[in-house]
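In: The following comprises the amino acid sequence and a computationally predicted model.
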Protein chains: 4
Amino acid sequence: MGNTLGKLFTITCFGESHGDCMAVVVDGCPAGLPLDEADIQQEADKRRPGTAGTTERREPDKVEIISGVHDGHTTGAPICMLCWNKDVDSGAYEKNRFALRPGHADYTAFTKYGGFNDFRGGGRFSGRITLAYVMAGAIARKLIGRLGIDVFAHTVEIGGIKARPQALADIKEKASQNPLWCADPEDAAKMARLIEQTKAAKDSLGGIIEGVALGVPAGLGEPVFGNFDGELAKALFAIPAVKGVAFGAGFAVANMKGSENNDLYDMQDGKIITRTNHAGGVLGGISTGMPVIVRVAVKPTASIARGQETVDIQKMARTSLSVTGRHDTCIVPRAVPVVVAMMAVTICDFALQAGLIPRVLT
Amino acid sequence: MGNTLGKLFTITCFGESHGDCMAVVVDGCPAGLPLDEADIQQEADKRRPGTAGTTERREPDKVEIISGVHDGHTTGAPICMLCWNKDVDSGAYEKNRFALRPGHADYTAFTKYGGFNDFRGGGRFSGRITLAYVMAGAIARKLIGRLGIDVFAHTVEIGGIKARPQALADIKEKASQNPLWCADPEDAAKMARLIEQTKAAKDSLGGIIEGVALGVPAGLGEPVFGNFDGELAKALFAIPAVKGVAFGAGFAVANMKGSENNDLYDMQDGKIITRTNHAGGVLGGISTGMPVIVRVAVKPTASIARGQETVDIQKMARTSLSVTGRHDTCIVPRAVPVVVAMMAVTICDFALQAGLIPRVLT
Amino acid sequence: MGNTLGKLFTITCFGESHGDCMAVVVDGCPAGLPLDEADIQQEADKRRPGTAGTTERREPDKVEIISGVHDGHTTGAPICMLCWNKDVDSGAYEKNRFALRPGHADYTAFTKYGGFNDFRGGGRFSGRITLAYVMAGAIARKLIGRLGIDVFAHTVEIGGIKARPQALADIKEKASQNPLWCADPEDAAKMARLIEQTKAAKDSLGGIIEGVALGVPAGLGEPVFGNFDGELAKALFAIPAVKGVAFGAGFAVANMKGSENNDLYDMQDGKIITRTNHAGGVLGGISTGMPVIVRVAVKPTASIARGQETVDIQKMARTSLSVTGRHDTCIVPRAVPVVVAMMAVTICDFALQAGLIPRVLT
Amino acid sequence: MGNTLGKLFTITCFGESHGDCMAVVVDGCPAGLPLDEADIQQEADKRRPGTAGTTERREPDKVEIISGVHDGHTTGAPICMLCWNKDVDSGAYEKNRFALRPGHADYTAFTKYGGFNDFRGGGRFSGRITLAYVMAGAIARKLIGRLGIDVFAHTVEIGGIKARPQALADIKEKASQNPLWCADPEDAAKMARLIEQTKAAKDSLGGIIEGVALGVPAGLGEPVFGNFDGELAKALFAIPAVKGVAFGAGFAVANMKGSENNDLYDMQDGKIITRTNHAGGVLGGISTGMPVIVRVAVKPTASIARGQETVDIQKMARTSLSVTGRHDTCIVPRAVPVVVAMMAVTICDFALQAGLIPRVLT
């Protein structure tokens, strides 16, 4: 239960880290969208490891589309995309199966599923499930791109190192130029150094990602329970390791006055805009037409090589554990394209609900 | 669209600030729950104004149950609860109808609904809609209370003044003792003073509320898209003025190491616990059995008496505006019972999904 | 649970036969639709008793709109419509509370809700709940009427008396001219006589209603599980006493050859049509553009004045019972506007899903 | 859109007749159910051709489980089952691509999807999609089997030949003994002869299937819009070629009196039963505890070898067509296991909603 998201643009995920595949079924994509595996591959590749401290698992992660596309176009039928798992070594997981890894879902999954959960590589709780999100997001991005909506994300903080603020146009251009997805190359270098040091110290780092959507028309979102921010937050909390989601000024509103936080309306080129965007592009659960700005807190990688005290759930006894295997010291950069994907999926659903995307594309 | 929330315990809200009523239909409540209007009234009263700086609108907000209860018990049929609106003066709204109030949903609602939205008192976008949430929450609290689950919330920050940390048991006991729902009376007094000063300055204040759920069993939540944190976040973002939701350590994870953030497992009284609770009671989208801790950022009241520049959407021209009428200088305290309600509603749905609440109560 | 229907045009019903009211919340109606209580009243009146053998309960059934409409137009917010129950006498029900009425939901409701169900007048299982359907249908009809879709229904069989076939245009014109909704006045007279005789014999009659939708564009319906016929059937089975739903040739297909049943395609005025319409306007779960034809089997009224053997569920002992009170000898005519309503509601939802109805009407 | 069914036990289908595969994702299956491919294969094999007049396509239809099962048990994660398509020849379809086959979804699919639909072998509208239903049904049957619920179905009419009535126990035993799934071997022989004759005449036959569920406890189903009969009807209308669904006495109620149709309550072994079962096991949208009896009308196979007049949708001109290729003269027998599957899937979801199936099986 719980593996389907969306109302008109729905995605259903399946697959496990060390199972046969990671996959997603996209249902509700209009017919007539030009689509091939290269479109999806391009997005999937963005979440592959590429920087210091990221996991050494080297999956080819070759995307296959096995339904819903014919003759180079979507058919209106559900589109299943998958990557077969190739480079799997479950040995370490078998050995420490019952020693609960702190910060992981081992205990909650064991409890919920009575120990029947596939524990190998985290099974269904691996960060690898986000491969499915990214594949779905690739289709969503193509669809909303036709409306002139552009979604991107960047790293704004890792381990306490904050990226200096920049204009959105600069962020969009520069963030993709380094593997940390940080728009300031100098800050990126600092972050990279900290990641190296932390890796050497057998520890890990968290951070903050900022997602941005430009060109979202005013009026998307369905108050009060299907609203723009609520649905987007729900989609982002589906990314493992996310512990917080905030729009615009976010938690800083606690220390702002109304006169500071309110975004004053103004006119620009005959259209209504706000002079500031503390709202992050959402008011009353509806998009304002200003850039959507959402910040996502990502916790430090739970897997650390140093010893940690824990409990063996089979023996019901204290034990200790050092998590070996291939792990990212900091998962933040790899989560950047995933944030983009979940934003695109959510916005695409809202655009369909608003009737902005025709059911047949020509 | 978007006025129904939940899978097995569903709530459907309707009503407008200056319309006939504020109401909610609860569908999925098991039969046999003792319930009368006093049960609901008690919760509804908690969100009434009671402190310096809160709105002077003095609604009786008398709860009526008009379906789903017979002979003092729920029948299994949908339960409609409503409060008729009594103390309504729409004059000020009529006058400034087209001058967009900064920070309000005036512009987004106008755009989405083509100007047909009921603008009086914010209409469907008024904070008054949370009355419906609280009525639904009253039923949810009774249901989960039978499982030993206890939900409460408190004010942890207003206008930069932070409440000192306390043990959860103390918070639970003390927070209800002052109208600010702040567990430390001294901090509460400081906040109250700041509210008074800010009111005098014709400005407003935001803050942070912390919601706590004790006794939530491990195993609630349906990964990956119906997970505990995602659904709870979605429910909380339905509260007007909420700009951020974070669990446990929240955004502080960005500056923590894995070795700091990971909650080590331990045994207590034969049960597995974690020594710390940075996770806020959720791992892998599933409840851990530790207290659920969620923080909610509430922006400063958008309505401020001082002049603000804005746009008249009818004339499409710049104008200025000072929002008169009855408004809370700080909405945070009144949102505290609403946070409780939305937590209860969400947890109740999960408990039903997990089969923990029988369909007939005896 | 289960009191909400629809994806984009959703209706949530509440209320009991002898409770405070019968009501429905319509969520998803576009903003800007001119709407007042008279629009709804007109449809609600159609299901009032008006012919020989129908119940003598004389409710005014005065419709009130208590949300979602402002200044004569829908606002985009949920629309609650209700009728307060006035003419209620629960005495007979109190007396025979535990004697299960054959053919009624007494036993299933008692079992499902542990005896907590409101048994008075059938409570939530009364035919009176269809008042809510009709109110929702009134809005749906207005919406799809703007697309040129016209829905009507007529009685094709009562107690074995079959109405002679006629052209759809004639049926549309004539069916509303007698209280039996039978397009042939002579057949209607026969049915009326049989109803009188059956009433005198303290018995009841069933029948068949045919619903017709003209002007439904080809392409509505979402295969495979949200298809046109499946969703329509589900909506029609929500009408109490419905035991069968069939499209076009219906169960007669069992005795037809492919060469007889296949509707041959042809051209008319440059458009593709079928020469016959055995499909009833649906192929592959998608509307064909031909008239939608659906037949609905309605069982004889369960309440009959003659003695019936049954069981007292409290004493768990055999007993007998003759159901007194006000009952229709034949419920079929009163179900005709309800069939129309559920067809309209379903088609309206599909039209919204297909993007055919704008979110703001001007 | 529309390829997911169910609330707690959800199935999502994908795949096309001449695409890569036919597949289904089952989400919501409790953890701990022993499951392997042989369990699924056994059910999938039942819908394979095996009798006179059925298609000559000889797919191996080898079932693969590619997620959700580990170590011989379900894990609580979504279970994807698929069959790769092997024996595909799309030549005939390419040739006649634009000549609309009467009785098929060619026209509606073309219209809905703008001609982008995969037309080969009917694509997403092929009867072959029911392979996915049967795979999902195999899991559902195992789950509800644990509650003592037994679902089966049999052919009650083909081409006007009606099977003689028998006791349910006999039907259950005998129906599986011939490839027509007809419980009377003599009637089955007659049907087989008629199929042979009809095949020789290049025509096709329809029929009626009766589905039976024994052991369904009283109380399943969620009135009014999630009711037992409505949800079951919706699930059955997802089977291609189904034109009608009726419970118990079905359309015969039109010619019955209340005194005939009402099922009188009685006591048996201390439990409440009804003496007859005209209700077909459902009253007020809730299961009665008596056998669930549902009849499903299946139209004659649309593909017939004789010439039919039609329209070429590309040229927008009249043309004629004789459908060649491999087709069943009568699809009824092959739909029998599909009816069973959809009944099992629906009942399983209701059982989960009622809390009758634990989330972990041990």
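Out: Yep, that arrived.

In: Roughly how far does A:Lys62 sit from chain D?
Out: 15 Å (Cβ to the nearest Cβ, to the nearest Å). In short, each C-beta sits where N, CA and C put it, glycine included.

In: There's contact between that residue and A:Cys83 in this structure, I believe.
Out: Yes. Here A:Lys62 reaches A:Cys83: they are 6.2 Å apart, a contact under Cβ atoms under 8 Å.

In: Comparing those two, which shows the higher neighbour count?
Out: The neighbour comparison of A:Lys62 against A:Cys83 (other Cβ atoms under 10 Å in any protein chain shown) goes to A:Cys83, with 23 against 12.

In: so where's the stretch 151-300 of chain A uncertain?
Out: Along the stretch 151-300 of chain A, no part satisfies pLDDT under 70.

In: Find the closest residue to chain C in the stretch 51-200 of chain A.
Out: A:Ala77 (8.5 Å; Cβ to the nearest Cβ).

In: Which residue comes closest to that residue once chain neighbours are left out?
Out: Sequence neighbours aside, D:Arg124 is the residue nearest to A:Ala77 in space, at 4.1 Å (criterion: Cβ to Cβ, 6 or more residues apart in numbering or on different chains).

In: returning to that earlier point: tell me the contacts of the residue of the stretch 51-200 of chain A closest to chain C?
Out: Applying Cβ atoms under 8 Å, 6 or more residues apart in numbering or on different chains to A:Ala77 gives the contacts A:67-68, D:3, D:14, D:16, D:117-118, D:123-124.

In: what secondary structure does the residue nearest to A:Ala77 sit in?
Out: helix (DSSP: H, G, I helix; E, B strand; the rest coil).

In: Hmm, it is touching A:His70, no?
Out: No. Counting by Cβ under 8 Å, D:Arg124 sits too far from A:His70 to count as a contact (9.9 Å).

In: now the residue of the stretch 51-200 of chain A closest to chain C: how far from D:Ile149?
Out: Computed as Cβ to Cβ, to the nearest Å, the A:Ala77 to D:Ile149 distance reads 32 Å.

In: Same check on A:Lys172?
Out: 57 Å.

In: who has more neighbours, the two?
Out: Taking other Cβ under 10 Å, A:Lys172 and D:Ile149 do not tie; D:Ile149 has more neighbours (23 against 18).

In: thought that one was touching D:Met343?
Out: No. Look at D:Ile149 against D:Met343 with Cβ under 8 Å: they stay out of range, at 9.6 Å.

In: if I look at the two, which residues touch both of them?
Out: With Cβ under 8 Å, 6+ apart, D:Ile149 and D:Met343 have common neighbours D:Ala213.

In: Need the pLDDT of the nearest residue to A:Arg141 once chain neighbours are set aside.
Out: Among residues not flanking A:Arg141 along the chain, A:Ala344 sits closest, at 4.5 Å (Cβ to Cβ, 6+ apart). Looking at A:Ala344, its pLDDT reads 98.

In: Quick one: residues contacting A:Ala344.
Out: A:Ala344 touches A:137, A:140-141, A:144, A:151, counting by Cβ under 8 Å, 6+ apart.

In: Now intersect these with the strands, please.
Out: Applying DSSP state E to the contacts of A:Ala344, the entries found in strands are A:Val151.

In: what helix or strand does the nearest residue to A:Lys46 once chain neighbours are set aside sit in?
Out: Nearest non-adjacent residue to A:Lys46, counting by Cβ to Cβ, 6+ apart: A:Pro337, 3.9 Å away. If you go by DSSP states H and E, A:Pro337 is part of helix A:332-353.

In: And the residue of the stretch 201-350 of chain A closest to chain D?
Out: Residue nearest to chain D within the stretch 201-350 of chain A (Cβ to the nearest Cβ): A:Asp349, separated by 10.7 Å.

In: In this model A:Val26 seems to touch that residue, though I could be wrong.
Out: No. Contact criterion Cβ under 8 Å: A:Asp349 and A:Val26 do not qualify, at 11.0 Å.

In: Overlap of the contact sets of these two?
Out: With Cβ under 8 Å, 6+ apart as the test, A:Asp349 and A:Val26 both reach A:9-10.

In: Looking only at neighbour counts, state which of the two leads.
Out: Counted by other Cβ under 10 Å, A:Asp349 and A:Val26 do not tie: A:Val26 has more neighbours, with 29 against 26.
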